[in-house]
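[1] Can you look at this prediction? I've put the sequence above it.
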Amino acid sequence: DKEHRHKDHKKDKEREKFKHSNSEHKEHSEKKHRDKDKERLKHSDSSSDKHRQKHKDRDKDKRREEKVCLWVVGMLLNENFFSLIGCVVLLFVMIRWEEERYTDGSKWRFLEHKGPVFAPPYEPLPGKVKFYYGGKPMKLSAPAEEVATFFAKMLDHEYTTKDIFRKNFFKDWRKEMTSEEKSVITDLNKCDFSEMSEYFKAQSEARKQMSKEEKQKIKEENERLLQEYGFCIMDNHKERIGNFRIEPPGLFRGRGDHPKMGMLKRRIRPEDIIINCSKDSKHPKPPPGTKWKEVRHDNKVTWLASWTENIQGSIKYIMLNPSSRIKGEKDWQKYETARRLKKCVDRIRAQYREDWKSKEMRIRQRAVALYFIDKLALRAGNEKEEGETADTVGCCSLRVEHIKLYPKLDDQEYVVEFDFLGKDSIRYYNKIPVEKRVFKNLQLFLENKQPEDDLFDRLNTSILNKHLQELMDGLTAKVFRTYNASITLQQQLKELTCSDDSIPAKILSYNRANRAVAILCNHQRAPPKTFEKSMQNLQNKIDEKQNQLSAARKQLKAAKADHKASHDDKSKKAVEMKRKAVQRIEEQLMKLQVQATDREENKQIALGTSKLNYLDPRISVAWCKKFGIPIEKIYNKTQREKFAWAIDMADKDYEF
DNA sequence: CTCGTCACTTAGTATAGGACGG
DNA sequence: CCGTCCTATACTAAGTGACGAG
């Protein structure tokens, strides 16, 4: 018990640090927000007024704090014994809470919100927009029409041509039809949605052409909705909600070769929604004439509302924004776990290398799989239900058909070729030389197996994670991804950054370090549709700059010659001017060239995912502080909000 | 040990909206 | 000021991993 408490105490202290930096930051941003509101209210204010206002605000805050302090002191000094008792009880409850919060798995003590925003109801098509079956116009019942519009809106998409998509869609569509419709519409190929499709195209065109005022009105309405439904109170903070809108109905588009693509994603009603909030909060009201499925008060979870989705039968949640305390703390914890792995990774590596020699097959498989997870940053690879999802794999679910062994390939020995579809059906393709022992083990694992058999037939994620748990508290397969990503960034930054580079050059280095991680984690993207064009545009700009530069250089030369001839002050000044101009253009050119390199290298690589989910933000913050890079160059507004804790916490010497 | 459930993180893409250059 | 282009954001699918029942 003593030991336990000691550990907890240490944890608490660290948490205290986190909370402090986080709330401090929040105060800043809240204040900014308030100031902005005021700006909106009286936009005629002069800037000095605003400035004064800011000061006033700060003073007010200070005074309020002082008042609270005085109140507490007053209570303590008060002769009124009962107030004193009250005060002590309050403190006791607070302390008790602080302890409880971390030992019993509670996530909050007070939670109040307004519930979700539902998708707008279906608006029937104007009569002139017709659906045709077998060339004849046909008026559809509202439910059938709605589902038809989902298809019509996707008509330009490739997947409306796919067999599975069409089959699934048609089956679900027929369920929405009246019996007469059902008897008439028996063949999707005879359906003509083109008028509907044209109508929606025209609608979106019209939306683009809307006047400023109309756009402004929509914007204001969105803002109102955000203000009303987009925030909740969790404990003592107003927190931004991540997704407060319920997903609208539509046709399901799974990624990759998904067996359920085209199925109807049904409309979610209040009767489907479970609300989660605290008992003592003002409960959200369901829309008039409706009821929630349930209102519960479970403070062991972080979600505010949930519903069961009809495609996979999984649960969807409404949760807080990444900037919230609850998400930030968890994020921070994740990186702390990865840092603990750093301390013992050598031991673990030695261990799995040793296990390659084990007498037991299951241990060898475990060790080789772990080697892949560590070296190649593969995902764990949980089993999936066949026929329910696209056929994708991770490490533990690799099959024989996903690897090829080459005892010799070109000038390398023991090469393993990986070729499989991972998460989101993104292809992982890699040829990698491995140690002889690993290679021999793989040959052993492949013996007497069919292509569709599991490579690691004695292993799954649960076995692997149980083993990892024994090696380090809190260790799971995904910690390796976090650890290797973060350590790679740190090491690459060290390697690539030159302190006397210009800021754009340093940022290129940062992006390259980021890119190394994205490649490691296989974070790909489809090349943007306009990639070639935008590259060309940039190249044109570069050419233009180059011309400017040679012109400026010529002028400088001329000015110099002029100065040599006349030796007067005026010509000297002219030389200086021209010299500066050349310098400025050189800088601009450099910047453009850097931008072009960056963009080219980024064609098929997505940096965002690793930045947001794998890279300890304190590494980036420290790097910025060390090299005098403004943090805004690395993190945009949202990212700064998410990583507020790190921005406050890390100094220039932070080591992951 | 298997299976299903649940909660939460990680993922790529479509598009809204804002910056920027003519 | 307006159209173009790019970035940020919204959206939601698809993973991971814990846990409990049988």
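    That came through, no problem.
[2] So which residues of the stretch 151-300 of chain A form helices?
    A:163-176, A:179-184, A:194-208, A:212-229 (DSSP state H, counting those that start in this stretch).
[3] Just put the ones you listed in TSV and tack on mean pLDDT and mean neighbour count.
    To be clear about C-beta, it is placed using only N, CA and C from the backbone, and glycine gets the same treatment. Output for those, formatted as TSV (pLDDT from 0 to 100; neighbours: other Cβ atoms under 10 Å):
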stretch	mean pLDDT	mean neighbour count
helix A:163-176	96	17
helix A:179-184	96	12
helix A:194-208	88	13
helix A:212-229	85	11
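[4] Which among those helices is found nearest to DNA strand B?
    Across the helices of the stretch 151-300 of chain A, DNA strand B has its closest neighbour in helix A:212-229 (5.8 Å, Cβ to the nearest atom of the strand).
[5] I'd like the helices of the stretch 151-300 of chain A written out as a markdown table, with distance to residue A:451 added.
    Listed next are those as a markdown table, based on distance: least, Cβ to Cβ, whole Å:
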| stretch | distance to residue A:451 |
| --- | --- |
| helix A:163-176 | 23 |
| helix A:179-184 | 43 |
| helix A:194-208 | 42 |
| helix A:212-229 | 51 |
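[6] Same list (the ones you listed) but as TSV, adding distance to DNA strand B.
    TSV is the format used below for those (distance: least, Cβ to the nearest atom of the strand, whole Å):
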stretch	distance to DNA strand B
helix A:163-176	14
helix A:179-184	28
helix A:194-208	7
helix A:212-229	6
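[7] Residues of the stretch 501-650 of chain A that sit close to DNA strand C?
    Selection of the stretch 501-650 of chain A residues close to DNA strand C by Cβ under 7 Å from any atom of the strand yields A:528, A:530, A:533-534, A:537-538, A:608, A:636-639.
[8] list the contacts for residue A:131?
    A:137-140, A:145, A:148, A:191-193, A:195-196 (Cβ atoms under 8 Å, 6 or more residues apart in numbering).
[9] Backbone dihedrals for it, please?
    Backbone geometry at residue A:131, expressed as degrees, to the nearest 10, gives phi -100, psi 140.
[10] again, but for residue A:359
    Phi and psi for residue A:359, reported as degrees, to the nearest 10, are phi -70, psi -30.
[11] Identify the residues contacting it.
    If a contact means Cβ under 8 Å, 6+ apart, then residue A:359 has no contacts.
[12] Show the pLDDT at it.
    Listed pLDDT for residue A:359 reads 95.
[13] And for residue A:93?
    42.
[14] Tell me where the longest strand sits in chain A.
    Of all the segments assigned as strand in chain A under DSSP state E, the longest by residue count is strand A:412-421.
[15] Just checking: what are the partner strands of that strand?
    strand A:403-409 (antiparallel), strand A:427-433 (antiparallel) (DSSP bridges).
[16] Residues in contact with the last one: which ones?
    For strand A:427-433, the surrounding residues in contact (Cβ under 8 Å, 6+ apart) are A:375-376, A:378, A:406, A:409, A:412-422, A:522, A:524.
[17] Let me see the mean pLDDT of it.
    Across strand A:427-433, the per-residue pLDDT values average to 96.
[18] same check, this time on stretch A:278-285
    Stretch A:278-285 carries an average pLDDT of 96.
[19] Check the offset of it from the chain's centre.
    Here the centre of stretch A:278-285 is set off from its chain's centre by 30 Å, with Cα atoms, centre = their mean, to the nearest Å.
[20] cool, stretch A:249-257 as well?
    Worked out by Cα atoms, centre = their mean, stretch A:249-257 lies 20 Å from the chain centre.
[21] do it and DNA strand C meet?
    Yes - Stretch A:249-257 is in contact with DNA strand C by Cβ under 7 Å from any atom of the strand, via A:250, A:252-256.
[22] ok, those vs DNA strand B, which is closest?
    After measuring the residues of stretch A:249-257 next to DNA strand C against DNA strand B - Cβ to the nearest atom of the strand - the closest member comes out as residue A:255, at 7.0 Å.
[23] I figured that closest one hits residue A:424, correct?
    Yes - with contact defined as Cβ atoms under 8 Å, residue A:255 reaches residue A:424; the gap is 4.9 Å.
[24] quick one, which of the two is more surrounded?
    Taking residue A:255 and residue A:424 together and counting by other Cβ atoms under 10 Å, residue A:255 has the greater number of neighbours (14 against 11).
[25] tell me the contacts of the more buried one?
    With contacts defined as Cβ under 8 Å, 6+ apart, the neighbours of residue A:255 are A:390, A:424-425.
[26] and those near DNA strand C, which?
    Among the contacts of residue A:255, the residues lying close to DNA strand C (Cβ under 7 Å from any atom of the strand) are A:390, A:424-425.
[27] Any chance of those in JSON lines with secondary structure and distance to residue A:128 as columns?
    Converted to JSON lines, those look like this (DSSP: H, G, I helix; E, B strand; the rest coil; distance: Cβ to Cβ, whole Å):
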{"residue": "A:390", "secondary structure": "coil", "distance to residue A:128": "40"}
{"residue": "A:424", "secondary structure": "helix", "distance to residue A:128": "41"}
{"residue": "A:425", "secondary structure": "helix", "distance to residue A:128": "41"}
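[28] Can you tell me which of the contacts of residue A:131 is nearest DNA strand C?
    Nearest member of the contacts of residue A:131 to DNA strand C, counting by Cβ to the nearest atom of the strand, is residue A:148, at 18.4 Å.
[29] unless I'm mixing things up, that closest one is touching residue A:139, no?
    No - counting by Cβ under 8 Å, no contact exists between residue A:148 and residue A:139, whose distance comes to 11.4 Å.
[30] ok, which stretches of the stretch 501-650 of chain A are strands?
    Counting by DSSP state E, counting those that start in this stretch, one finds no strands in the stretch 501-650 of chain A.
[31] which parts of it sit against DNA strand B?
    So the stretch 501-650 of chain A meets DNA strand B at A:521-526, A:606, A:608-610, A:613-614 (Cβ under 7 Å from any atom of the strand).
[32] Mind checking which of these are buried?
    Among these, those scoring as buried are A:521-524, A:606, A:609-610, A:614 (criterion: 16 or more other Cβ atoms under 10 Å).
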